[in-house]
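A.B. asks: quick one, fold the following:
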Amino acid sequence: MIALFRIAKFVWFLSLIVFFAVIFFCYFSWPQEVAVYFDQNGEGTYALGKSQLFYFSVTGIISFNVIILMLVSYIPQLPIELIKLPNHDFWKSSKDHSEYAKNILVNWVNTFAAVLNVFITFWLFMITQFNLEQFDLRYEVGSFYWIQYVWFGVLSIWFGFLIVRFFISKAE
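C.D. replies: Coordinates of the predicted model:
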C-alpha cells in the first residue's frame, strides 16, 4: 500500500509541475484580454485581463491543493467510526482493515486532486488555443463540447470506484 501511496503522491506532484509549466506558457501566449467564455458562433463574449486570469488560476490551484494536503493529513487521524463507508462493519472489524480503508481514502484523494489539476491545466491550454490569432474560433470552439461529457464520465468513474471499492470485503 505504501507503493500506491507514493505513486499517487508522485502523480499529484507531477500534475502540479505540468500545471505550472502550462500556466507560464499560456501567460506568455495570451493577448492582453483573454476570452474565457464563447457563444455558439465561437465569438468571445466574456474576457479577463491576462494578469487577472493568471493570478486567479494560480491562486485557485494553490488553494485547492492546500485544502487537499490538509485533508490527506487529516484522514489517517480520523477514527474509522466517523467515516461513513459502505460495508462499514468489515472496515471497522480490525485495526488492519481500518488502516487499509484510510489508505484507500488517502490515495483516492491524492489521485482525485491530480485529475482535477490535469483538468484545470487542460482548460487553460484550451483557452490559450482559442485565443491564438491563427485559431479559427467559429469552427473549433464547437468541436470541443465533447470535453464536458468526458469530464462528467471521468468524475463518475472516479466516485464510482470509491463506492465499489468499499463494497468489496477484501483488505489486500
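
A.B. asks: helix, strand or coil: sort out the residue nearest in space to the middle of the chain for me.
C.D. replies: In the chain, the centroid-proximal residue (C-alpha atoms, centre = their mean) is Leu116; its distance is 0.8 Å. Three-state assignment for Leu116 (DSSP: H, G, I helix; E, B strand; the rest coil): helix.

A.B. asks: and the helices in the chain, which stretches?
C.D. replies: Ranges of helices in the chain, per DSSP state H, are 2-29, 50-74, 88-91, 95-131, 137-140, 146-167.

A.B. asks: Serialize those to JSON lines and add fields for distance to Ile80 and mean pLDDT.
C.D. replies: Yep, even glycine has a C-beta here, placed from its N, CA and C like the rest. JSON lines is the format used below for those (distance: least, C-beta to C-beta, whole Å; pLDDT from 0 to 100):
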{"stretch": "helix 2-29", "distance to Ile80": "18", "mean pLDDT": "88"}
{"stretch": "helix 50-74", "distance to Ile80": "14", "mean pLDDT": "92"}
{"stretch": "helix 88-91", "distance to Ile80": "6", "mean pLDDT": "83"}
{"stretch": "helix 95-131", "distance to Ile80": "4", "mean pLDDT": "87"}
{"stretch": "helix 137-140", "distance to Ile80": "50", "mean pLDDT": "54"}
{"stretch": "helix 146-167", "distance to Ile80": "12", "mean pLDDT": "85"}
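
A.B. asks: and these: which comes nearest Ala35?
C.D. replies: Among the helices of the chain, the nearest to Ala35 by C-beta to C-beta is helix 95-131 (5.8 Å).

A.B. asks: hmm, back to that, wait, the residue nearest to the centre of the chain sits on Ile67?
C.D. replies: No: using C-beta atoms under 8 Å as the test, Leu116 is too far from Ile67 to be in contact (11.1 Å).

A.B. asks: so how far is stretch 152-160 from its chain's centroid?
C.D. replies: Stretch 152-160 has its C-alpha centroid displaced from the chain centroid by 12 Å (C-alpha atoms, centre = their mean, to the nearest Å).

A.B. asks: with just CA atoms, put it into CSV.
C.D. replies: Coordinates of the C-alpha atoms in stretch 152-160 are reproduced here as CSV (Å, rounded to 0.1, in the frame of the first residue of the first chain):
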residue,chain,number,x,y,z
PHE,A,152,-18.5,14.0,-16.4
GLY,A,153,-17.6,10.4,-17.2
VAL,A,154,-14.2,10.6,-15.5
LEU,A,155,-15.8,12.1,-12.4
SER,A,156,-18.5,9.4,-12.4
ILE,A,157,-15.9,6.7,-12.7
TRP,A,158,-13.7,8.3,-10.0
PHE,A,159,-16.5,8.5,-7.5
GLY,A,160,-17.9,5.1,-8.5
